[in-house]
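Asks: Predicted model, plus sequence, below.
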Amino acid sequence: MKLVIAEKPSVAQSIAKGIGSTEKKDGYLEGNGYVVSWCVGHLVELATPEQYDARYEKWKYEDLPILPKEWQYRVSVGTKKQFKMLQELMKRADVSSLVCATDAGREGELIFRLVYHQAGCKKPFERLWISSMEDEAIKEGFANLKPGTEYDALYEAALCRERADWIVGMNATRLFSTLYGQTLNVGRVMTPTLAMLVMREAEISAFKPEPFYSVSISVAGIMATGERMKEKKDAETLLEAVKKEQKALVSKLAVAEKKEKAPALYDLTGLQRDANRMLGFTAQQTLDYTQSLYEKKLCTYPRTDSRFLTEDMEGILPGLVEKMKEKFGFHGHLVVNPKQVINNKKVSDHHAIIPTMLVNDAVFAELSSGEQKVLSLITARLLAAVGEPAVNRETSIEFLCAGHTFTSKSKQTIRFGWREIWEWILGRKTTDEDKEEEENAANYVDVISEGKSFPVQNPELKEGKTTPKKHFTDVIHFESRQWKYSKCKGAG
């Protein structure tokens, strides 16, 4: 008999169904050679300082830093009943080994290992590592269980993160609280993030808008704008000169067709960023919706940093794409290029987030509004990622008038490629700037060529003001810099 421990009841039920453990008991399911039970989040947590020494109950500067020589753990107050249940199941004489079936990532590994060690269990265990909760994926995962020792580095990485949080948070919070006479919470991640927010808000508060001026003209139906000027009188002088000259020379005309390749599949960060930008969801909301879809077997594992699939998945893509097209009612032609999303070297613990075949049979009315929107986003990304490039015609034209250069740029999509299915599912959202570019593009005619002059129409003085940097959103964007990090294999 093998004891399978999942991270939460809903996941345990899916796993039990997949392996045929259908007999319900109090706190677990049993059958077909398995006992399936679950944790309820973190059952075991790090001990507080006063559990190491009673004197730490009072916060004193002279007691810092608190650096445990031997780390102690305790069972969470609200989960003692479930911990006792798991401990009893581990001790059952007919249970010869265990299966770690918590979420296949760093935190999931930590949850299982802490329960395993706190319960004093010495029985061998294997690891279930799957990226989908579909029945077939579960069965395949159990057919290919891996030795638990292969994930020791993942467990150690989780311990490092957990203990670093404790050391920094516990000591720094007590330090600053005792120094300043009030409770000041400090955290390894929280505090530098807060510092970034404070600095950005200070920049915005200190910002003083400055006016700028420019002159715009219309030539052969094409809107063109001159350079920005700080002084209004300089712009007014230019405006009068343009009105006097009345003609503009086409000094430069460049037209190029550029391919816009299909986007990569979603990793969690990419999905959170788009869901924030397009749907207004916070990062946590997006993760919660995606986790729920995963547990309902409608998408693959969400906590992934990969944007590609593995070679063994190439064969399922045409069928999956066809099913998703049918589900969303798209009847247009879609060329499927599976190799665009296949790269074994860029898949670490989990492949990119994609919908499962079960989406085809899902009743969307039974999903929450948030789940529907996130699932549509994931599906649209899959269908776009395997599509052909979009082709844009980019035109740049410069007019010379009154000794100044006026510039007009436009971009017009001449072949939608992957964008056709993307916009079919999500709808097309255009900004005023997009509309202006398209209108300008439509106005370019064959008579426009370098060296020709045209009458200037509607010269106009425009006034604007500089704007401050934007407030950080829930999904923070770091501008003009690349943040690089290294990670150990299996560190999640």
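Replies: On my side now, so go ahead. Numbering: from 1, shown residues only.
Asks: measure residue 373 to residue 289 for me?
Replies: To residue 289, residue 373 is 8 Å away according to Cβ to Cβ, to the nearest Å. Using the backbone N, CA and C atoms, a C-beta is placed for each residue, glycine as well.
Asks: Need the overlap of contacts for the two.
Replies: Both residue 373 and residue 289 are contacted by residue 281, under the criterion Cβ atoms under 8 Å, 6 or more residues apart in numbering.
Asks: So for those two, which residue has more residues nearby?
Replies: For residue 373 and residue 289, the more surrounded residue by other Cβ atoms under 10 Å is residue 289, and the numbers stand at 26 against 19.
Asks: tell me the SS of that one?
Replies: The three-state assignment at residue 289 reads helix, by DSSP: H, G, I helix; E, B strand; the rest coil.
Asks: Just list the residues touching it, thanks.
Replies: 281, 368, 370-371, 373-374.
Asks: What of residue 229?
Replies: Residue 229 touches 212-214, 235, 238, counting by Cβ under 8 Å, 6+ apart.
Asks: Which pLDDT does the model give it?
Replies: On the pLDDT scale, residue 229 is placed at 97.
Asks: For it, grab phi and psi.
Replies: phi -130, psi 140 (degrees, to the nearest 10).
Asks: so where is this structure shaky, pLDDT-wise?
Replies: Counting by pLDDT under 70, the ranges of the chain that qualify are 428-447, 475-492.
Asks: the helices in it, which residues?
Replies: 9-19, 49-52, 80-91, 106-118, 135-143, 152-180, 190-206, 232-245, 268-274, 283-295, 317-327, 369-385, 418-426, 432-443 (DSSP state H).
Asks: Using a markdown table, please lay out these together with distance to residue 396.
Replies: Compiled in a markdown table, those are given as follows (distance: least, Cβ to Cβ, whole Å):
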| stretch | distance to residue 396 |
| --- | --- |
| helix 9-19 | 55 |
| helix 49-52 | 65 |
| helix 80-91 | 65 |
| helix 106-118 | 48 |
| helix 135-143 | 50 |
| helix 152-180 | 49 |
| helix 190-206 | 33 |
| helix 232-245 | 21 |
| helix 268-274 | 29 |
| helix 283-295 | 38 |
| helix 317-327 | 37 |
| helix 369-385 | 27 |
| helix 418-426 | 22 |
| helix 432-443 | 11 |
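Asks: which stretch among those comes nearest residue 59?
Replies: Smallest distance to residue 59 across the helices of the chain (Cβ to Cβ): 4.8 Å, for helix 152-180.
Asks: Report all helices and strands that the closest one contacts.
Replies: Helix 152-180 sits against strand 44-46, helix 106-118, with contacts defined as 3 or more Cβ pairs under 8 Å, 6 or more residues apart in numbering; DSSP states H and E.
Asks: again, 6 Å this time
Replies: helix 106-118 (3 or more Cβ pairs under 6 Å, 6 or more residues apart in numbering; DSSP states H and E).
Asks: Which positions in the helix it packs on come out as buried?
Replies: For helix 106-118, burial by neighbour count (16 or more other Cβ atoms under 10 Å) applies to 106-116, 118.
Asks: Nearest residue to residue 260 in space, please, no chain neighbours.
Replies: Leaving aside its sequence neighbours, residue 260 sits nearest to residue 390 (Cβ to Cβ, 6 or more residues apart in numbering; 4.4 Å).
Asks: show me the contacts for residue 379.
Replies: 324, 355 (Cβ atoms under 6 Å, 6 or more residues apart in numbering).
Asks: ok, now with 8 Å
Replies: 324, 327-328, 355, 359, 425 are the contacts of residue 379 under Cβ under 8 Å, 6+ apart.
Asks: Turn these into JSON lines, including distance to residue 182 and neighbour count.
Replies: What follows is these, written out as JSON lines (distance: Cβ to Cβ, whole Å; neighbours: other Cβ atoms under 10 Å):
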{"residue": "324", "distance to residue 182": "55", "neighbour count": "23"}
{"residue": "327", "distance to residue 182": "56", "neighbour count": "17"}
{"residue": "328", "distance to residue 182": "55", "neighbour count": "15"}
{"residue": "355", "distance to residue 182": "50", "neighbour count": "24"}
{"residue": "359", "distance to residue 182": "52", "neighbour count": "23"}
{"residue": "425", "distance to residue 182": "51", "neighbour count": "19"}
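Asks: Now distance to residue 260 too, for the residues you listed, in a markdown table please.
Replies: Listed next are those as a markdown table, based on distance: Cβ to Cβ, whole Å:
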| residue | distance to residue 260 |
| --- | --- |
| 324 | 22 |
| 327 | 26 |
| 328 | 22 |
| 355 | 23 |
| 359 | 27 |
| 425 | 18 |
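Asks: Out of those, which is nearest to residue 246?
Replies: Out of the contacts of residue 379, the member with the shortest distance to residue 246 (by Cβ to Cβ) is residue 425, at 49.8 Å.
Asks: Settle this for me: residue 328 is touching residue 427, isn't it.
Replies: No: between residue 328 and residue 427 there is no contact under Cβ atoms under 8 Å: 11.9 Å.
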